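Asker: Following is a predicted model, sequence given first.
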Amino acid sequence: MIAPGYEPTLTMNFHFIDVTYVPTSALLEKEHQQEVKARMRTLHMPKDIQEASIEHYERSSGRSQAWLAAVDFIESYQADPKAFHKGLYLVGPFGVGKTYLLGAIARELAEAGKQTTLVHFPTFASDMKQAIAKDQVGEKLDAIKRTPILMIDDIGADSMSSWIRDEVFGIILQHRMQEQLPTFFSSNFSVEELEAHLTVSQRGDVEPLKSKRIMERIRYLVKEIEVTGPNRRLGEQ
């Protein structure tokens, strides 16, 4: 009985004909896709994000600059992965394809054998608060801050506590700046707007110096790119 995914082929073995079983092209492609998806670690991201594609990203006028910047990063990083490459800070309204583009970049890098982590930050922040009781803060924080390529989705969607801003987000950014690790963001806030947003904590404390410290790290790590267009989640044209 032939195992699923294998097919017989004839080979010569010391002048004798043997039958060996080799994996089919379909099995090899399936295994390849599993390996690619394994390189794309996702935390609280849309289920289909691992299927995103640079090739299928719609390059309308409001999205073409982001696509070009994404392709430029991919090519530059693959050419010299040990050099420091600034990631992208994708800013724009809901539904214009920011998260999809992050997934497409991650997918392209995964195809090339690179490890990425994509994380929805508001949900991750909630997880970190729950991790305090389980004594898992350090473990969870290390897994995010040390990943070779990090993509933080929806930054600024919720107000942050001082602890999340300074002891979680700030530590992640500090490590990635020191180690010059590629980092990406998506947000509805521009970099300037995010600085104002992070100035005020959930309790209403106004802390401009702490916000400025965070933003200095972000500015070091990324190039800001605006993404515009219709809201595809609502089916607009």
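Answerer: That came in fine, so what should we check first? Numbers count the residues shown, from 1 in each chain.

Asker: which SS class is the closest residue to Gln65 other than its chain neighbours?
Answerer: Closest residue in space to Gln65, ignoring its immediate chain neighbours: Ile225 at 5.9 Å, by Cβ to Cβ, 6 or more residues apart in numbering. All C-beta atoms are positioned from the backbone trio N, CA, C, and that covers glycine. Per DSSP: H, G, I helix; E, B strand; the rest coil, the local secondary structure of Ile225 is strand.

Asker: burial count for Ile225?
Answerer: Neighbourhood size, Ile225 [other Cβ atoms under 10 Å]: 19.

Asker: what's across from it in the sheet?
Answerer: The residues listed as beta-bridge partners of Ile225 by DSSP bridges are Leu90.

Asker: Please list all residues in contact with it.
Answerer: By Cβ atoms under 8 Å, 6 or more residues apart in numbering, the contact set of Ile225 is Gln65, Ala66, Ala69, Leu88, Tyr89, Leu90, Val91.

Asker: Confirm the first one sits in a helix?
Answerer: If I follow you right, that is Gln65. Yes: checked against three-state DSSP, Gln65 lies within a helix.

Asker: Thought Glu226 was touching it, still the case?
Answerer: Yes: if you go by Cβ atoms under 8 Å, Gln65 and Glu226 touch, sitting 7.3 Å apart.

Asker: Kindly confirm my reading that Val119 is in a helix.
Answerer: No: remark: Val119 does not belong to a helix; assigned using three-state DSSP, it is strand.

Asker: shift numbering so it begins at 646
Answerer: Shifting the count to begin at 646 puts that one at Val764.
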